[in-house]
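>>> Sequence unavailable; structure follows:
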DNA sequence: TACTCGACTTGGACTCGATCCAAGTGCTGG
DNA sequence: CCAGCACTTGGATCGAGTCCAAGTCGAGTA
């Protein structure tokens, strides 16, 4: 996904070591990391990187649409690098782990006009909640 | 909704002034209040009530299934007294207003086993996002 | 290559929502 | 009416996230 780095450069980003590292961490594997986990992994590659920079960079990536913010509960926000393929989330109520899922059907179409109250509805998020195998075993 | 008070008594709750007040606030109108708003309104009825008690009581109501917690974004959790009729939420991306909606279809059924990854899926939340008429006009 | 400047980074202080805890209060069953 | 213990209190604490002034350094220019 150095396409990501390419796209960022294309958008006029100054390419700093910190930004490269954050982008690499997100690219690394498609898990849904918290900002803090991103910071921990980033520190492994670039020890001096600060939390503030990680937050800044994540925020920029989100507003560029390269990464999605997922706030499934009141714990830490998680960041989803899989922004370019629409999908929904399956969340473990105990440990907070998140998996991407692709339900059949189109929930947007399931909201009749009479239930839209004049809103311009543009998006729908579906969050399935349950208990993951690991937590169920424990 | 003194049925609520009845139900609580039936579940072995000690009926204190504080709990009655919190239940009354939630009953008052079916808006989605934050814990802080609940506290503010509770203080109007019972000036000595503490924030901790409001949090405790809301937490108890949630775990009894009398009230739903709604975390649509990273701001404060909101509490939804409409727990006995299943419904979903339509959120204004600009002002944060929330409306209850009742889509057709059953999104739980739309998640095939192959997409459940061993999770015991117990619940689904659907959040429609858009712009409300007021914000669209402004 | 060297210079320059403003975008970027830093880290520590701060905010805000929420939780914890030890001490005090007051329901409720007997 | 009493006593025991569930409940409340408020202040401390926590954890995620934001802010800010000061310092740093990427990259366009010469």
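Alright, I've got the coordinates. Note that the coordinates shown come from a computational prediction; the quantities given were computed from them, not determined experimentally. Residues are numbered from 1 along each chain as shown, chains lettered A, B, ... in the order given.
>>> secondary structure element for residue A:4?
Taking DSSP states H and E as the definition, residue A:4 sits inside helix A:2-10.
>>> Break down chain A into its helices, ranges please.
A:2-10, A:17-28, A:35-45, A:51-63, A:133-137 (DSSP state H).
>>> Tell me how far residue A:105 lies from chain B.
4 Å (Cβ to the nearest Cβ, to the nearest Å). All C-beta spots, glycine's among them, are computed from the backbone N, C-alpha and C.
>>> what about that residue, neighbour count?
Neighbours of residue A:105 under the rule other Cβ atoms under 10 Å in any protein chain shown: 14.
>>> Do I have it right that residue A:71 meets residue B:73?
Yes. Look at residue A:71 against residue B:73 with Cβ atoms under 8 Å: they come within range, at 5.7 Å.
>>> before we move on, the earlier item: relative to residue B:61, which of the helices of chain A is closest?
helix A:133-137 (24.5 Å; Cβ to Cβ).
>>> Make JSON lines from the helices of chain A and add distance to residue B:80, mean pLDDT and mean neighbour count to it.
Putting those into JSON lines (distance: least, Cβ to Cβ, whole Å; pLDDT from 0 to 100; neighbours: other Cβ atoms under 10 Å in any protein chain shown) gives the following:
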{"stretch": "helix A:2-10", "distance to residue B:80": "38", "mean pLDDT": "77", "mean neighbour count": "14"}
{"stretch": "helix A:17-28", "distance to residue B:80": "33", "mean pLDDT": "92", "mean neighbour count": "19"}
{"stretch": "helix A:35-45", "distance to residue B:80": "28", "mean pLDDT": "95", "mean neighbour count": "17"}
{"stretch": "helix A:51-63", "distance to residue B:80": "27", "mean pLDDT": "95", "mean neighbour count": "17"}
{"stretch": "helix A:133-137", "distance to residue B:80": "25", "mean pLDDT": "85", "mean neighbour count": "12"}
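>>> Just put these in a markdown table and tack on distance to chain B.
Below are those laid out as a markdown table (distance: least, Cβ to the nearest Cβ, whole Å):
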| stretch | distance to chain B |
| --- | --- |
| helix A:2-10 | 24 |
| helix A:17-28 | 19 |
| helix A:35-45 | 11 |
| helix A:51-63 | 12 |
| helix A:133-137 | 4 |
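>>> Reformat those as a markdown table; add distance to residue B:86.
Output for the helices of chain A, formatted as a markdown table (distance: least, Cβ to Cβ, whole Å):
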| stretch | distance to residue B:86 |
| --- | --- |
| helix A:2-10 | 40 |
| helix A:17-28 | 36 |
| helix A:35-45 | 33 |
| helix A:51-63 | 31 |
| helix A:133-137 | 24 |
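>>> would a markdown table of the ones you listed with distance to DNA strand D be doable?
Shown next, in a markdown table, are the helices of chain A (distance: least, Cβ to the nearest atom of the strand, whole Å):
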| stretch | distance to DNA strand D |
| --- | --- |
| helix A:2-10 | 7 |
| helix A:17-28 | 6 |
| helix A:35-45 | 4 |
| helix A:51-63 | 4 |
| helix A:133-137 | 18 |
